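> Please find the sequence and the predicted model below.
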Amino acid sequence: MLRVIDNTGEDYLYAASSFENVDDLNRLQAELLVRLDAPTKATILQIANQRGVSMSALVREWIEERVDLPATAAR
């Protein structure tokens, strides 16, 4: 079993067979889909417009600031 701890400190147990080692991060690609309710989307759009960037650029910036990604995985 592997214990996974989320950003709130809550932990979960998963079967180790559900995971695999990744030796080459360059070939690892992931797609993230986030569904937002209309008020949240409007707020993000407003912030992006104030900053003069797209919504996706703003969200990428937030992810880069808050998620500790290996240097090879960034962009």
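The structure has been received and is ready for your questions.

> Determine the set of other helices and strands touching the longest helix along the chain.
As assigned by DSSP state H, the longest helix anywhere in the chain is helix 38-51. For helix 38-51, the elements it packs on are helix 55-66, judged by 3 or more Cβ pairs under 8 Å, 6 or more residues apart in numbering; DSSP states H and E. To be clear about C-beta, it is placed using only N, CA and C from the backbone, and glycine gets the same treatment.

> Quick check, central residue of the chain?
In the chain, the C-alpha nearest the mean C-alpha coordinate belongs to Ile63, at 5.8 Å (Cα atoms, centre = their mean).

> Check the spacing between that one and Ser56 real quick.
Distance of Ile63 to Ser56, given as Cβ to Cβ, to the nearest Å: 10 Å.

> cool, Val34 as well?
Relative to Ser56, and taking Cβ to Cβ, Val34 is found at 11 Å.

> Comparing the two, which shows the higher neighbour count?
Ser56 (10 against 7; other Cβ atoms under 10 Å).

> ok, how many other residues are close to the residue nearest to Val59 when sequence neighbours are not counted?
Spatially, and ignoring its direct neighbours in sequence, Val59 is nearest to Ile44 (7.2 Å; Cβ to Cβ, 6 or more residues apart in numbering). Neighbours of Ile44 under the rule other Cβ under 10 Å: 16.

> Going forward, count from 386.
Sure, I'll start numbering at 386, so the last one becomes Ile429.

> show me what contacts Ile429?
Leu421, Met440, Leu443, Val444 (Cβ atoms under 8 Å, 6 or more residues apart in numbering).
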